[in-house]
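Visitor: structure of the sequence below:
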Amino acid sequence: MPDWLNILLRSIGALAYLFLLTKIIGKRQIKQLTFIEYIVGITIGSIAAFMATEMDGPVFHSLISMGVFAIFPVLMEWVSLKSKVMRDLFEGKSTVLIKEGKIMEDNLKRERLTAEDLMEQLRIKNVFRVADVEFALMETNGELSVLLKSENQPLTAQQLELTVPPAEEGQVVIMDGVIMDEPLATAGYNRRWVRTQLQKAGVALENVFLAQVDKGGELYLDLYDDKIQVPAPQATKLTFATLKKCQADLELFALGTKNETAKQTYQRDAEQLQTIIDQVKPFLIR
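Guide: Numbers count the residues shown, from 1 in each chain. Predicted coordinates for the structure are as follows:
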């Protein structure tokens, strides 16, 4: 067998075996790898490269070696799940770097971090003043977790007692000029509705790169031709304007009538409609 063909077959075999071992080890992002997993990854890669290019030794020797290194992190994870001591040994512990706005210099030295390193990590978290930090923790994966002081935390709708619409999962109903039937059915619409919306917007189906519909029935269109301006959906805004007009009409009727009973009825209806408008406003004005 020619050497180039031998190397080709060994390389393909090494890649296939690496893929199998990766599935066994499990899913983890690069930044979530532990020290052992990082070492194992480098070692297995080196063995795979040696297996692909070293034609004198038997292939199964490299396969056995790669298998041993791949099984070790799996066993390590199983032991870590059973024992807190072993989990701390293999994965390490989190380290407090800032507490109540005060930098813990000893812990910083223990993690071999300089003040510049700490400030860089804080800036990545959009924090530029150490005094704004209540608590900062170096996680076992090297990430810095930061808790700002209460007065420096951004306000939430709950704190302001505001009603906000629930998070919506938009459905992609057109992709690359093709209507997607499954997400369209999930959203509760059909192809006729899509074509009607495209006709209203004056857009051809084949010119649509992506279309997404939300729970309110508004269709977002992104076209291949970026020079074409697609009109923004106005259905919910028109609904809000109509409700406001009805509420204003009720108030005018209450002011214009001389019948006391009718006046009270119009005022009560105007107040009730205003309450409804306040409740649905976050859903209609976005």
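
Visitor: any regions of the stretch 1-150 of the chain where pLDDT drops low?
Guide: Along the stretch 1-150 of the chain, segments meeting pLDDT under 70 span 1, 4, 23-36, 55-57.

Visitor: 50 instead?
Guide: Scanning the stretch 1-150 of the chain with the threshold set as pLDDT under 50 gives 29-30.

Visitor: next, count neighbours for residue 40.
Guide: Other residues near residue 40 come to 22 when the count uses other Cβ atoms under 10 Å. For the C-beta atoms, the positions are set from N, CA and C on the backbone; glycine is no exception.

Visitor: please report how far it lies from residue 18.
Guide: 12 Å (Cβ to Cβ, to the nearest Å).

Visitor: and what of residue 118?
Guide: 37 Å.

Visitor: just the strands in the stretch 101-250 of the chain please.
Guide: Ranges of strands in the stretch 101-250 of the chain, per DSSP state E, counting those that start in this stretch, are 102-103, 133-138, 144-148, 171-175, 178-179, 208-213, 219-223.

Visitor: turn those strands into JSON lines, including mean neighbour count and distance to residue 201.
Guide: JSON lines is the format used below for those (neighbours: other Cβ atoms under 10 Å; distance: least, Cβ to Cβ, whole Å):
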{"stretch": "strand 102-103", "mean neighbour count": "12", "distance to residue 201": "56"}
{"stretch": "strand 133-138", "mean neighbour count": "19", "distance to residue 201": "49"}
{"stretch": "strand 144-148", "mean neighbour count": "16", "distance to residue 201": "44"}
{"stretch": "strand 171-175", "mean neighbour count": "19", "distance to residue 201": "12"}
{"stretch": "strand 178-179", "mean neighbour count": "14", "distance to residue 201": "15"}
{"stretch": "strand 208-213", "mean neighbour count": "20", "distance to residue 201": "9"}
{"stretch": "strand 219-223", "mean neighbour count": "18", "distance to residue 201": "6"}
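
Visitor: can you say which of those strands is nearest to residue 62?
Guide: strand 133-138 (37.4 Å; Cβ to Cβ).

Visitor: note down every partner strand of that closest one and its orientation.
Guide: strand 95-99 (antiparallel), strand 144-148 (antiparallel) (DSSP bridges).

Visitor: count the neighbours of residue 161 for me.
Guide: Neighbours of residue 161 using other Cβ under 10 Å come to 6.

Visitor: now residue 258
Guide: So residue 258, with other Cβ under 10 Å, has 6 neighbours.

Visitor: give me the secondary structure label for it.
Guide: What DSSP: H, G, I helix; E, B strand; the rest coil gives for residue 258 is coil.

Visitor: roughly how far does it sit from residue 146?
Guide: Taking Cβ to Cβ, one finds residue 258 at 65 Å from residue 146.
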